[in-house]
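Student: Sequence and predicted structure below; questions after.
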Amino acid sequence: MALLLRLPAVLWAGGFEHPDQQFQSIEPAYHLATGGAWHEPWEFRDGSRSWCYPVALAGLMRMLAALGFEEPGPTMLAVRAVHALLGLLPVWLFWLVLVKWQPVRESRLPLLLFALSGLPLASVQAGGGTCAATLAVAAGLALAGRGPFPALAGLCLGFAFVCRFQDALFGPAFFVVLLVQRRWAASAWFALGCLPGIVVQGASDLAAGGPFLGTVWRYVATNVGANDAANAWRTQPLPFYLYAGVVPVLALLPWPSAVRAAWARLRAGSAVLPAALVGAAVHLAVFSFVPRKALRFEQPAFVLLLAVLLAGFAAARGSGAVWHGRALVAVHVGWWLFASSWFGNAGAVGLAEWLRRQPDWRGEVVVLDGDATSLGGFFYSRPPADHVVTVPREELAAARAAGAPFVVVMRDPLDAAELAALGDYTLAAAFHGRFDLRAGERRYVYRRRARARRGPITCRSRRASASRRASAPRPSSASPPPR
């Protein structure tokens, strides 16, 4: 049932929600798999981004190409299908928690809500962050098991760290919980299980010519020491993750009885999944002090909180619990509908696919108030080389001087005066996001007009031109031909 609930997202939820998903995961993987052109982001030039996930995705793309998946759309559909299969790992572990390891009353509805929630469903999308979220959630749930499952938790968290370095912070929180529970063998197996991922990342850095785990330390120095992310991107206030993430995920309704019901369920679930609760709380608390915030950064923490709440779903009784349960169902079914049908950055992807269909597309394009990441990705447009020129919108003379056959404008089309200043270009196509909800997804592409051809030449004019060519003096071999 969980796989069927992911099928609509596999079929319809194309594109990408954030440029990092495309240009730091899919684009380098496409370049590695095919040798095609790609726009190298500054993180790769800075040495602060891991190559491990792009290499794994490139291997998957090579296998899919051998099976006949070469076009962008079918390739990404198959990639989403593989990620959907990986996303079943946390669902299976949550089933083990509620049915086998620590059985709870009325487990069917919590299992169904966890399977269909749009939060874990987002891991169907390709990307290092989404893959890391799947593995980090699996690690938090596997710690509730005995035997080999703590080692599996460490293995999952180690490779979550490889895909996204921030998820390493779950490790100390999980380890402390195991020590407090006096699960000495489990803590040792968990620590050992983390080692393969760390070794893989270090070996990757050595293969790239850097020091062992050099990418990790460079990432910390860039984003924490120099605070480049906060300087380059919009920041959020300290309680952002609380009111924008925790409140909707836990469906905290604005009246006391419902809040008490949610708190009772969360407290009961903490007895079932203590490591998941502590890991999520520590991760949210630490990264709340980082100015650069986004809900996608804390996706694994939110999913773990949801799992804890659902584990204690049958604990609270009363009218408040009924309304809280209804709100929880409504919120997560709504997220499922959104995650199953939303086409992220549809305007940019539509532009890239349109460019690919143009016979004169060679990668030569001017982007006004944007860069190569505004074009939807070379994975979709497939140019032979990167010939993108970035120009501010107010410098239309520079855009005209570049002489590219295409000019792409962000957000708003050119007005009459700007179009006249641009020169010999005309609006060729316009693209926008799903339902045109965000102005930042709008793209307008202008094509340079073809020069007017002369009319058909008569037989008399051909003979006249031939006689003129015959009577004209020929240039000597020593002198260059006249222009």
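Tutor: Alright, I've got the coordinates. Numbering: from 1, shown residues only.
Student: quick one, strands of the stretch 1-150 of the chain?
Tutor: Ranges of strands within the stretch 1-150 of the chain: none, based on DSSP state E, counting those that start in this stretch.
Student: quick one: pLDDT of residue 233?
Tutor: Confidence at residue 233, expressed as pLDDT, is 68.
Student: ok, residue 142 to residue 97 distance?
Tutor: 9 Å (CB to CB, to the nearest Å). C-beta: built from backbone N, CA, C; applies to glycine.
Student: Common neighbours of these two, please.
Tutor: The contact sets of residue 142 and residue 97 do not overlap (CB atoms under 8 Å, 6 or more residues apart in numbering).
Student: now residue 127, nearest residue through space, not along the chain?
Tutor: Distances taken as CB to CB, 6 or more residues apart in numbering place residue 21 nearest to residue 127, at 3.9 Å, with adjacent residues excluded.
Student: ok, the one you found touching residue 124?
Tutor: No: taking contacts as CB atoms under 8 Å, residue 21 lies outside contact range of residue 124: 11.9 Å.
Student: In terms of packing, which of these two has more residues around it?
Tutor: Relative neighbour count places residue 124 above the other of residue 21 and residue 124, with 25 against 22, counting by other CB atoms under 10 Å.
Student: for the more buried one, what are its contacts?
Tutor: Contact analysis of residue 124 by CB under 8 Å, 6+ apart lists 6, 9-10, 13, 80, 83-84, 87, 130, 339.
Student: element containing the residue lying closest to residue 249 once chain neighbours are set aside, please.
Tutor: In space, and not counting its chain neighbours, residue 249 is closest to residue 302: 4.8 Å by CB to CB, 6+ apart. Per DSSP states H and E: residue 302 is located in helix 299-311.
Student: For the next helix or strand after that helix, name the packing helices and strands.
Tutor: Note on helix 299-311: by DSSP H and E, the next helix or strand toward the C-terminus is helix 319-341. Where contact means 3 or more CB pairs under 8 Å, 6 or more residues apart in numbering; DSSP states H and E, helix 319-341 is packed against helix 2-12, helix 108-116, helix 118-121, helix 256-272.
Student: pLDDT (mean, whole number) over the first one?
Tutor: The one in question is helix 2-12. Regarding helix 2-12, the rounded mean pLDDT is 94.
Student: How about the longest one?
Tutor: Per-residue pLDDT values across helix 256-272 average out to 93.
Student: With the second one instead?
Tutor: This predicted structure assigns helix 108-116 an average pLDDT of 93.
Student: Please point out which parts of that helix sit buried.
Tutor: Buried residues in helix 108-116, counted by 16 or more other CB atoms under 10 Å: 110-116.
Student: Nearest to residue 192 among those?
Tutor: Among the buried residues of helix 108-116, residue 114 lies closest to residue 192 (CB to CB), at 28.5 Å.
Student: List the residues that contact the nearest residue to residue 313 once chain neighbours are set aside.
Tutor: Distances taken as CB to CB, 6+ apart put residue 110 closest to residue 313, at 4.5 Å, once the chain neighbours are dropped. The contact partners of residue 110, taken as CB under 8 Å, 6+ apart, are 98, 104, 310-311, 313-314.
Student: re earlier: adding distance to residue 187, write the helices and strands packed on helix 319-341 out as CSV.
Tutor: Shown next, in CSV, are those (distance: least, CB to CB, whole Å):
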stretch, distance to residue 187
helix 2-12, 30
helix 108-116, 26
helix 118-121, 26
helix 256-272, 19
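Student: Compare those and report which one is nearest to residue 344.
Tutor: Using CB to CB, the helices and strands packed on helix 319-341 put helix 2-12 closest to residue 344, at 11.4 Å.
Student: Could I have the CA atoms of that closest one written out in CSV?
Tutor: This file holds the C-alpha atoms of helix 2-12, laid out as CSV (Å, rounded to 0.1, in the frame of the first residue of the first chain):
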residue,chain,number,x,y,z
ALA,A,2,2.8,2.4,0.8
LEU,A,3,4.3,1.7,-2.7
LEU,A,4,1.0,2.4,-4.3
LEU,A,5,0.7,5.6,-2.4
ARG,A,6,4.0,6.7,-3.9
LEU,A,7,3.1,5.8,-7.4
PRO,A,8,1.3,9.2,-8.2
ALA,A,9,4.4,11.1,-7.2
VAL,A,10,6.6,8.8,-9.3
LEU,A,11,4.4,9.5,-12.3
TRP,A,12,3.4,13.1,-12.0
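Student: okay, the angle between that helix and helix 108-116?
Tutor: Per axes from the mean of the first three to the mean of the last three CA atoms, to 10 degrees, the angle that helix 2-12 makes with helix 108-116 is 30 degrees.
Student: Next, the buried residues of helix 2-12.
Tutor: Result for helix 2-12 [16+ other CB under 10 Å]: buried residues 2, 5-6, 8-10.
Student: how near is residue 184 to residue 300?
Tutor: Going from residue 184 to residue 300 by CB to CB gives 26 Å.
Student: Looking at the two, which has the bigger crowd around it?
Tutor: Taking other CB under 10 Å, residue 184 and residue 300 do not tie; residue 300 has more neighbours (33 against 10).
Student: contacting residues for the more buried one?
Tutor: Taking CB under 8 Å, 6+ apart, one finds 132-133, 136-137, 140, 160, 167, 170, 280, 283 in contact with residue 300.
Student: Below-threshold pLDDT in the protein: ranges please.
Tutor: 225-233, 451-483 (pLDDT under 70).
Student: Compute the number of surrounding residues for the closest residue in space to residue 22 that isn't next to it in sequence.
Tutor: Leaving aside its chain neighbours, residue 22 sits nearest to residue 16 (4.2 Å; criterion: CB to CB, 6+ apart). Other residues near residue 16 come to 24 when the count uses other CB under 10 Å.
Student: how close does residue 16 get to residue 118?
Tutor: Distance from residue 16 to residue 118, by CB to CB: 16 Å.
Student: and if you look at residue 353?
Tutor: Distance of residue 353 to residue 118, computed by CB to CB: 26 Å.
Student: contacts for stretch 30-45?
Tutor: Contacts for stretch 30-45 (CB under 8 Å, 6+ apart): 23-24, 27-28, 49, 54-55, 57-59, 61-62, 65, 363, 371-373, 378-379, 382-386, 388.
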